[in-house]
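Chemist: Quick check, what structure comes out for this input:
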Amino acid sequence: MSFVDKVINVLPTPLRDLADRHSELLKFAIVGATTFVIDIGIFYLLKWTVLDTKPTIARILSGTIAVIVSYILNREWTFDKRGGREKHHEALLFFAVSGIGVLLASLPLYISSYVFDLRQPNVSFTVENVADFFSAFIIGNLLQMAFRFYAMRRWVFPDEMKELTEEFEDLINEEQLGHS
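Modeler: Numbering: from 1, shown residues only. So this is what the prediction gives:
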């Protein structure tokens, strides 16, 4: 029994039922929180050292590393009961979706840094870093999270039974149209 399952089992019944119905979302959020810590740690490490004048590049690199960790955790834990695709096909879809997500998360930082010019010497060190955090990790991650959750469920780790049911229903509808 996983840690999440143990936590869910001690919840009051109404919350337990809700958590059971949305267990994938809860697991996705836990993976997201874990990769958020990795992402932000690597971002500021790069931004305050070797990429101090290139915050968008630092964000893309930190996001890419977080995506790799995210793939492993989502594949093996969050969406472990989904799929049915070959691993290389699934990985290609995951990294394509996540690449779009990294770009979505980097876009607000780019706008903050280069359109609004919230960089030193125009603003203080504190203002620059607060603007970077808010644009990259609040606005950017909200955009990325919404897109990635939808795309992961829809294309990368689809519910195989739902797809088979839809294909079967389409086949029956085609047969009925052909015989009427």
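
Chemist: mind listing what's buried in the helix or strand residue 94 falls within?
Modeler: Secondary structure assignment for residue 94, by DSSP states H and E: helix 87-110. Neighbour-count burial for helix 87-110, with 16 or more other C-beta atoms under 10 Å as criterion, is recorded at 90, 93-95, 97-98, 101-110. No exception for glycine: its C-beta is placed from N, CA and C like everyone else's.

Chemist: C-terminal to that helix, what's the next element?
Modeler: helix 125-132.

Chemist: quick one: contacts of the next helix or strand after that following helix?
Modeler: Using DSSP H and E, the helix or strand that directly follows helix 125-132 along the chain is helix 140-151. Residues outside helix 140-151 that contact it (C-beta atoms under 8 Å, 6 or more residues apart in numbering) are 25, 28, 32, 36, 59, 97-98, 100-102, 104-109.

Chemist: Next, the buried residues of helix 140-151.
Modeler: 140, 141, 143, 144, 145, 147, 148, 149, 151.

Chemist: out of the buried residues of helix 87-110, which one sits closest to residue 3?
Modeler: Comparing the buried residues of helix 87-110 against residue 3 with C-beta to C-beta places residue 94 closest, at 23.7 Å.

Chemist: I'd like the distance from the closest one to residue 74, if you could.
Modeler: 8 Å (C-beta to C-beta, to the nearest Å).

Chemist: now this protein, which segments are flagged as low pLDDT?
Modeler: By pLDDT under 70, the low-scoring segments of the chain are 1-2, 4, 82-85, 160-168, 175-180.

Chemist: rewinding a little: can I get the buried residues of helix 140-151 in JSON lines with distance to residue 80?
Modeler: Shown next, in JSON lines, are those (distance: C-beta to C-beta, whole Å):
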{"residue": "140", "distance to residue 80": "28"}
{"residue": "141", "distance to residue 80": "24"}
{"residue": "143", "distance to residue 80": "26"}
{"residue": "144", "distance to residue 80": "22"}
{"residue": "145", "distance to residue 80": "20"}
{"residue": "147", "distance to residue 80": "22"}
{"residue": "148", "distance to residue 80": "17"}
{"residue": "149", "distance to residue 80": "16"}
{"residue": "151", "distance to residue 80": "18"}
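
Chemist: Of those, which is the nearest to residue 54?
Modeler: Nearest member of these to residue 54, counting by C-beta to C-beta, is residue 140, at 16.2 Å.

Chemist: Fine by me, thanks again.
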